[in-house]
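Novice: Kindly generate the corresponding structure for this input.
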Amino acid sequence: MDSRLTLEKRIEAELMSYDGKMGIYLDDFHGNVISVHGDEAFETASAIKTYILVCLFDQVEKGNKSLEDVIEYKQEHVVDGSGVLPALEPGAMLRVKDAATFMIIVSDNIATNMIIDYLGLETINQCIRDLGCRDTVLHNPIHFEKYDKLGTSTPRDYASIFTRLAKGELISRPADQKMVEILKKQHYNTMITRDFPPVYMDSDNTDDILISVASKSGSMDSCRNDGGIVFTPYGPYVIVMFHKEFSDAMYYPAHPATVFGARVSRMILDQFLALEGRLYR
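Specialist: Residues are numbered from 1 along each chain as shown. Predicted structure coming up:
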């Protein structure tokens, strides 16, 4: 029996009752890849912030920008949504590396606008194109009252960023490691890890972290997304899950996109561990 068909059919069977469309891209770094709607365009929501982070480190690597620069939180950066900066007033000053960290770990929208302003929209999009992500674009800064969308990408493009990050082949090995460490601190990875056995994760019951995740999620009315690198004792794998076309626009922990995404993520984890570091034999 072809185990490729077995795994893909299990995913398809899991999604048969799902009210929506899920795009999936998986890579086990052993030449085994699963792609379901992997080249289809999806709204990114805050997942686009991973690309912005990468473009920041690219500009720093080239000597055009510095993580130690200080940037100002201005009135034009104000936007509702997640993060810590909404608790502050315009005029606050932050180091670039601190704003970038807020952008990722608590998905701070104001910090994101600050970094977009610092880099420039066209610089970011040119960097994305130079990285080979031809189906990805940051359309505008985050202003919900002005714009209906934020970014567009595909599961394949998003996975390619994490695949190269894990290999240390995206910007440079030191820069890639710094980005991975930031992404590991991301607070909103509940789709990927929601159904993982707690004993595998960081806890007070063990001195070892058996499984860790470097990821960035994103949610808007029209989408629920998550993607990143899952580090296991058998090595890492990359998983991306993008969602659209569901009927329930409300955001809550048990949203069907999150529930079905978590089930697929656990299915992949079980397969990867059972085969000791591969999706297929």
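Novice: Where does the prediction get shaky in the stretch 51-200 of the chain?
Specialist: Nowhere does the stretch 51-200 of the chain drop to pLDDT under 70.
Novice: And the helices in it?
Specialist: 96-105, 109-119, 121-130, 155-167, 173-184, 190-193 (DSSP state H, counting those that start in this stretch).
Novice: what's the closest of the ones you listed to Phe42?
Specialist: helix 155-167 (7.3 Å; C-beta to C-beta). From N, CA and C alone the C-beta is placed, and that goes for glycine too.
Novice: List the buried residues of the closest one.
Specialist: Buried positions in helix 155-167, judged by neighbour count with 16 or more other C-beta atoms under 10 Å: Pro155, Arg156, Asp157, Tyr158, Ala159, Ser160, Ile161, Phe162, Thr163, Arg164, Leu165, Ala166.
Novice: Dump those into TSV; add distance to Leu273 as well.
Specialist: Shown next, in TSV, are the buried residues of helix 155-167 (distance: C-beta to C-beta, whole Å):
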residue	distance to Leu273
Pro155	22
Arg156	25
Asp157	27
Tyr158	23
Ala159	20
Ser160	24
Ile161	24
Phe162	19
Thr163	20
Arg164	24
Leu165	22
Ala166	18
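Novice: between those residues, which is nearest Val213?
Specialist: Proximity to Val213 was ranked across the buried residues of helix 155-167 by C-beta to C-beta; first place goes to Phe162, at 10.5 Å.
Novice: just checking, the closest one touches Ala214?
Specialist: Yes. Look at Phe162 against Ala214 with C-beta atoms under 8 Å: they come within range, at 7.5 Å.
Novice: Which residues are in contact with each of these two?
Specialist: Gly228, Ile229 (C-beta atoms under 8 Å, 6 or more residues apart in numbering).
Novice: Thought Arg164 was touching Leu170, still the case?
Specialist: Yes. Counting by C-beta under 8 Å, Arg164 is a contact partner of Leu170 at 3.9 Å.
Novice: list the residues that contact both of those two?
Specialist: By C-beta under 8 Å, 6+ apart, Leu170 and Arg164 have these common neighbours: Asp176.
Novice: who's in contact with the residue nearest the centre of the chain?
Specialist: Geometric centre of the chain, nearest residue: Lys216, 2.8 Å, by C-alpha atoms, centre = their mean. Applying C-beta under 8 Å, 6+ apart, we find Lys216 in contact with Ser46, Ala47, Lys49, Thr50, Ile104, Ser107, Leu183, Gln186, Asp226, Gly227, Gly228.
Novice: Is it possible to get JSON lines of those that adds neighbour count?
Specialist: As requested, the contacts of Lys216 are exported to JSON lines (neighbours: other C-beta atoms under 10 Å):
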{"residue": "Ser46", "neighbour count": "27"}
{"residue": "Ala47", "neighbour count": "28"}
{"residue": "Lys49", "neighbour count": "28"}
{"residue": "Thr50", "neighbour count": "29"}
{"residue": "Ile104", "neighbour count": "26"}
{"residue": "Ser107", "neighbour count": "23"}
{"residue": "Leu183", "neighbour count": "21"}
{"residue": "Gln186", "neighbour count": "21"}
{"residue": "Asp226", "neighbour count": "30"}
{"residue": "Gly227", "neighbour count": "27"}
{"residue": "Gly228", "neighbour count": "29"}
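Novice: Out of these, which is nearest to Lys244?
Specialist: Ala47 (12.4 Å).
Novice: and the gap between that closest one and Thr112?
Specialist: Here Ala47 is placed at a distance of 12 Å from Thr112 (C-beta to C-beta, to the nearest Å).
Novice: ok, now Arg156?
Specialist: With C-beta to C-beta as the criterion, Arg156 and Thr112 are 24 Å apart.
Novice: Go ahead and confirm Lys21 touches His37.
Specialist: Yes. Using C-beta under 8 Å, Lys21 is in contact with His37, at 6.5 Å.
Novice: which residues do these two both contact?
Specialist: Taking C-beta under 8 Å, 6+ apart as the criterion, Lys21 and His37 do not both touch any residue.
Novice: Okay, and Met241 sits in which element?
Specialist: Per DSSP states H and E, Met241 falls inside strand 235-244.
Novice: Only the buried residues of that strand, if you could.
Specialist: Buried, per 16+ other C-beta under 10 Å, within strand 235-244: Pro236, Tyr237, Val238, Ile239, Val240, Met241, Phe242, His243, Lys244.
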